[in-house]
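Asker: the amino acid sequence is not available; the structure is as follows:
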C-alpha cells in the first residue's frame, strides 16, 4: 500500500478514527475517468494510434458515459474519505465537514460555469458535480449498508420516475449550455441528478468500507461483475425475448412510415428500423425518450436506465479494485497515472482551457490525428512534474485553502455567538 497521506481525509476530531494513508488505486481510477472524458470530448478523429476504422469507435463507446459515471462514483468515495471513512463523523466534526463540502461545492460550481462560458463544445460536468455534493450532505451520517440501499432505490425507482415526470410535467427543452436550470440539473440535463446520485451513493457506500481488506476487495470485485452482468443480461432479456426492440421498432415505423412493423415485408427495411432504434439508443445524452416505457430496457451509456446504472456501477467497482491491485504491486509504473488522479480538477479544467485555445486558433474543425495523445501526454507530464516539485494540484490547493478558511470563519462566529 502506498504510504501517502490522503488529501481526502479530514483531520480527525477527538474520539474519531485516526486519519489513514492514501489509497493510490483510487487516484489511478480517477485518472482513468478523466482520461475517458478526454476521449469523448476530443472524439475519434483526434486519435492517432487508433483510427475511426480501427478500434477508435470501440474505445469511444467504452468510455462514453462510463467515464462520467466513474467520476461521480469516485466523488462519492472521496466524500466518504473526507467524512470519517469507515466511521462516519458526527457532532462538531460533521458540522466542519459539511462546511468544507459546501465551500468546495460553491467553488467547483463557479469553475464549471466559467468553463462553460468558454464555448467549448463539451458538456461540462462540474456544475452538476457541485450540486451532487450538496445533495449528498444528508447521507454523510449513513454507513455502507444504508448507502447501498439508497443507491439501489435510486437505481430502481429513479428511471421510471424520471420518464414519468419528463413525459408529463417537465418536458426537456433545447440545451444551450451544460446547465441552465434546476429542471436540467435534476431531470433533463446531460448528467441528471436522478441518475448520477445513484453513482454518488454507491461510491459513498464503497468509501465506508475498509478498502485495505483483501476480503472486502474480493467482494467488491464479485459484486461488480454481478452488477455488470445484470445490466447486460437484464437489458438483453427485455429487448430480446420480451420483445422490447420490436416494440420500439414498431413505434418508429408508425411515426416515420405510417404503418405498423407487422405490415412491413421488406427485410432490408426492417433492418433499417432496427439500426435506427439502436442508433437512437446509443445517441442519447442524459435520459431516454418519453414516448415508450420500453426505452427503460436499454443499457446504452448516458441513458439513465436501471440497467445502465447497474452496468456502470459494476464496471466502476471492477476498475477500482483492479487499480488498487496494480498500484500496490507496480507503484512506480503507476506513478504518472496516480499523479493525474491526485489533481483531477486541475487536469479536467486544464483540458477544457487548452481546448478553448486550440479552437480559438483552428476553429471548431480542430479534430486532427494525435491531438488526443497530445492531451494525454501533456496531462501526465504536467501532473508528474507538479507533484514532484510542488505537491498538491493548483485547483485542489485552492479548494483546500478555501474550505479551511470557511471552517475557520464558521467556528470563529460560533465562538463569538456562543
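Answerer: Happy to help now that I have it. Small disclaimer: the values here were computed from a predicted structure and weren't measured. Numbers count the residues shown, from 1 in each chain.

Asker: check which helix or strand covers residue 245.
Answerer: helix 244-256 (DSSP states H and E).

Asker: quick one: buried residues of that helix?
Answerer: Buried residues in helix 244-256, counted by 16 or more other Cβ atoms under 10 Å: 244-253. For every residue, glycine as well, the C-beta is placed using N, CA and C.

Asker: swap in stretch 313-331?
Answerer: Neighbour-count burial for stretch 313-331 [16+ other Cβ under 10 Å]: 313-324, 326-327.

Asker: next step: those residues restricted to helices.
Answerer: If you go by DSSP state H, the buried residues of stretch 313-331 have 313-324, 326-327 in helices.

Asker: and which of the residues you listed is nearest residue 226?
Answerer: Among these, residue 314 lies closest to residue 226 (Cβ to Cβ), at 6.9 Å.

Asker: who's in contact with the closest one?
Answerer: Each residue near residue 314 by Cβ atoms under 8 Å, 6 or more residues apart in numbering is listed here: 223-231.

Asker: next one: residue 109
Answerer: So residue 109 contacts 126-127, 130-131 (Cβ under 8 Å, 6+ apart).

Asker: any chance you could map the strands in the stretch 1-150 of the chain?
Answerer: 4-5, 21-22 (DSSP state E, counting those that start in this stretch).

Asker: sheet-wise, list the partners of the last one with their directions.
Answerer: Put plainly, it is strand 21-22. Using DSSP bridges, strand 21-22 pairs in its sheet with strand 4-5 (antiparallel).

Asker: now the helix holding residue 245: average pLDDT?
Answerer: Taken as a whole, helix 244-256 carries a mean pLDDT of 96.

Asker: low-confidence ranges in this structure?
Answerer: 1-20, 418 (pLDDT under 70).

Asker: which residue of it sits farthest from its center?
Answerer: Most distant from the centre of the chain: residue 265, at 43.4 Å, with distances by Cα atoms, centre = their mean.

Asker: tell me the SS of that residue?
Answerer: Here residue 265 is recorded as coil under DSSP: H, G, I helix; E, B strand; the rest coil.

Asker: re the thing from before, let's have the buried residues of stretch 313-331 in TSV, adding distance to residue 283.
Answerer: Formatted as TSV, the buried residues of stretch 313-331 follow (distance: Cβ to Cβ, whole Å):
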residue	distance to residue 283
313	23
314	23
315	21
316	23
317	27
318	26
319	25
320	29
321	31
322	30
323	30
324	34
326	34
327	36
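
Asker: and which of these is nearest residue 411?
Answerer: residue 320 (34.4 Å).

Asker: residue contacts, the closest one?
Answerer: 25-26, 29, 73-74, 77, 206, 220.

Asker: follow-up on the earlier one: with distance to residue 309 as added columns, please give the buried residues of helix 244-256 in TSV.
Answerer: TSV is the format used below for those (distance: Cβ to Cβ, whole Å):
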residue	distance to residue 309
244	17
245	20
246	24
247	22
248	20
249	25
250	27
251	24
252	25
253	29
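
Asker: and the two most separated of the residues you listed?
Answerer: 244 and 253 (14.8 Å).

Asker: on that earlier part again, and the contacts of residue 109, which are buried?
Answerer: 126-127, 130-131.

Asker: now, these that are in helices?
Answerer: 126-127, 130-131.

Asker: what would the residues you listed look like in a markdown table with distance to residue 336?
Answerer: As requested, those are exported to a markdown table (distance: Cβ to Cβ, whole Å):
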| residue | distance to residue 336 |
| --- | --- |
| 126 | 24 |
| 127 | 29 |
| 130 | 28 |
| 131 | 31 |
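
Asker: pretty sure residue 162 is touching residue 192, no?
Answerer: Yes: between residue 162 and residue 192 there is a contact under Cβ atoms under 8 Å: 6.8 Å.

Asker: and for those two, which residues touch both?
Answerer: 287, 304.

Asker: which of those two has more neighbours?
Answerer: residue 162 (25 against 21; other Cβ atoms under 10 Å).

Asker: check contacts around the more buried one.
Answerer: 187, 192, 194-195, 287, 304.

Asker: mind doing that once more with 7 Å?
Answerer: When contacts are counted by Cβ atoms under 7 Å, 6 or more residues apart in numbering, residue 162 touches 187, 192, 194, 287, 304.

Asker: contacts for the host helix or strand of the third one, please.
Answerer: Assigned by DSSP H and E, residue 194 falls within helix 193-207. Counting by Cβ under 7 Å, 6+ apart, the neighbours of helix 193-207 from elsewhere in the structure are 69, 72-77, 79-81, 85, 128, 131-132, 135-136, 139, 144, 147-148, 150-151, 154-155, 158, 161-162, 185-187, 220, 304, 309, 312-313.

Asker: with stretch 321-332 instead?
Answerer: 1-2, 23-25, 28-29, 211, 217, 220-221, 334, 338.

Asker: now residue 134: closest residue in space that isn't a chain neighbour?
Answerer: The shortest distance from residue 134 to any non-neighbouring residue, by Cβ to Cβ, 6 or more residues apart in numbering, is to residue 105 (5.3 Å).

Asker: and the one you found, how far from residue 99?
Answerer: Distance check for residue 105 against residue 99: by Cβ to Cβ, to the nearest Å, it reads 11 Å.

Asker: neighbour count winner among those two?
Answerer: Neighbour count, other Cβ under 10 Å: between residue 105 and residue 99, residue 105 has more, with 22 against 18.

Asker: what distance do you get for the more buried one to residue 307?
Answerer: Taken as Cβ to Cβ, the span from residue 105 to residue 307 is 30 Å.

Asker: so what secondary structure elements neighbour whichever strand or helix holds residue 219?
Answerer: Assessed by DSSP H and E, residue 219 sits inside helix 214-239. With contacts taken as 3 or more Cβ pairs under 7 Å, 6 or more residues apart in numbering; DSSP states H and E, helix 214-239 sits against helix 306-329.

Asker: quick check: what element follows the helix it packs on along the chain?
Answerer: helix 331-341.

Asker: buried ones in that next one?
Answerer: 334-341.

Asker: between it and helix 306-329, how many degrees?
Answerer: Angle between the axes of helix 331-341 and helix 306-329 is 130 degrees (criterion: axes from the mean of the first three to the mean of the last three Cα atoms, to 10 degrees).
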